[in-house]
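Participant: Pasting a predicted model and its sequence here:
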Amino acid sequence: MQKFGQLPKVLYYSVKKIPEKVIVPSKNTFNHLISGPHISLAKLVVIPCGRKSIPIGFSRKIKKPQTPYVVCVSRLEKGKGQDLLIKAFVQVKKRVPKAQLIIVGEGIFREELAELITDLKLSANVQLIGRVPNALTEMAKANLCVFPSMWSLEGFGLVLLEAMALGKPVIAFDHKPGNEIVVNEQTGLLAKSGDVKDLANKIITLLENPTLGKKLGMAGKKRFLKKYTIEKCAQQFHNTLNEGYIQSKAKKLLKDIV
């Protein structure tokens, strides 16, 4: 999918020689910038996005639903995979009839998704709830969170971090950059890329095995605290920007001497 046409490539080509460092949030973006605008490997640095840790006790204050609860938070547009997730829920409903899928977000794909829900007779199990004041509240209610993006230009998956910070097990496709964040069978589960049946099976596995879900969720929280807190990521930014500044000053000094 070519979002924004060729505009990103045009912009990258026009400015690629200016910076000393180009910071990207994932290997997926890294690879696109090498194969597309051919930005120098010496300039590219991968630093993941980070976020604040969630206060202890945040989830305890939120009333949990009585039914199995699956949450997906994302902008509603083609490539983000909500259509694949809805299709997967046909199989989930057969095994876990009371399961609820809550899709949080707004976008131009909403009408098409609503029609799909009706066509598949999932109106009692799948809800499009639009924008909410705090998506973390919905995620905190969940048994598990799903990030079904198949967008080729996906830069990161911040909602994965939010779920991990909450100690929730996560499911994504084995597709970049989700598979850079989720460690399969350790912090979550990765379904075969674009495979609706396998996605359904992964969801069913965690809904039917809450002990496994808790284990994966706790491991995900440890990974978040180790690698993705805003403090750790900010320090990497600081170090890279400082290195770029020193390189820039050195080049200017050399130019003045010559």
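Facilitator: Ah, there it is.
Participant: Where is the longest helix in this protein?
Facilitator: helix 230-257 (DSSP state H).
Participant: Okay, buried residues for that helix please.
Facilitator: Neighbour-count burial for helix 230-257, counted by 16 or more other Cβ atoms under 10 Å, picks out 233, 240, 244. For glycine as for every other residue, the C-beta is placed from the backbone atoms N, C-alpha and C.
Participant: what's the nearest residue to M218 if we skip its chain neighbours?
Facilitator: Closest residue to M218 apart from its sequence neighbours, by Cβ to Cβ, 6 or more residues apart in numbering: G167 at 5.8 Å.
Participant: Also V24?
Facilitator: Distances taken as Cβ to Cβ, 6+ apart put F30 closest to V24, at 5.1 Å, once the chain neighbours are dropped.
Participant: Which residue ranges make up the domains of the chain?
Facilitator: Using automatic domain parsing, the domains assigned to the chain come out as 1-47, 59-227.
Participant: quick one on the thing from earlier: residue contacts, the residue nearest to V24?
Facilitator: 24, 44, 46 (Cβ atoms under 8 Å, 6 or more residues apart in numbering).
Participant: give me the element the residue lying closest to F58 once chain neighbours are set aside is part of.
Facilitator: Nearest residue to F58, sequence neighbours excluded (Cβ to Cβ, 6+ apart): A140, at 6.5 Å. Using DSSP states H and E, A140 maps to helix 135-141.
Participant: hmm, who's touching that helix?
Facilitator: With contact meaning Cβ under 8 Å, 6+ apart, helix 135-141 is reached by 54, 58-59, 62-65, 69, 71, 73, 102, 104, 129, 132, 145, 159, 162-163, 166, 168.
Participant: taking the residues you listed one by one, which sit in strands?
Facilitator: Using DSSP state E, the members of the contacts of helix 135-141 that fall within strands are 69, 71, 73, 102, 104, 129, 145.
Participant: Pull out the buried residues from those residues.
Facilitator: By 16+ other Cβ under 10 Å, those give 69, 71, 73, 102, 104, 145 as buried.
Participant: ok, the first one touching I102?
Facilitator: Yes - in terms of Cβ atoms under 8 Å, Y69 counts as a neighbour of I102; the distance is 6.8 Å.
Participant: Surely M164 is in contact with K226?
Facilitator: No - using Cβ under 8 Å, M164 is not in contact with K226; the gap is 10.6 Å.
Participant: what about those two, which has more around it?
Facilitator: M164 (30 against 9; other Cβ atoms under 10 Å).
Participant: Low-confidence stretches in this protein?
Facilitator: For the chain, the stretches with pLDDT under 70 are 1-16, 256, 258.
Participant: Could you rerun that using 80?
Facilitator: Residues of the chain that meet the criterion pLDDT under 80 lie in 1-19, 35-39, 248-258.
Participant: Grab the most central residue of this protein for me.
Facilitator: In the chain, the centroid-proximal residue (Cα atoms, centre = their mean) is G157; its distance is 2.0 Å.
Participant: Determine how far the last residue of stretch 148-157 lies from the first.
Facilitator: End-to-end span of stretch 148-157 (Cα to Cα, to the nearest Å): 10 Å.
Participant: I only care about the contacts of F30 that end up buried; give me the PyMOL line for that.
Facilitator: Command for PyMOL, covering only those of those found buried under the criterion 16+ other Cβ under 10 Å:
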select buried, resi 24+44
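Participant: Just the contacts of F30: which are in strands?
Facilitator: Counted as lying in strands by DSSP E, out of the contacts of F30, are 24, 44, 46.
Participant: thought the first one was touching L33?
Facilitator: Spelled out, that is V24. Yes - taking contacts as Cβ under 8 Å, V24 lies within contact range of L33: 6.5 Å.
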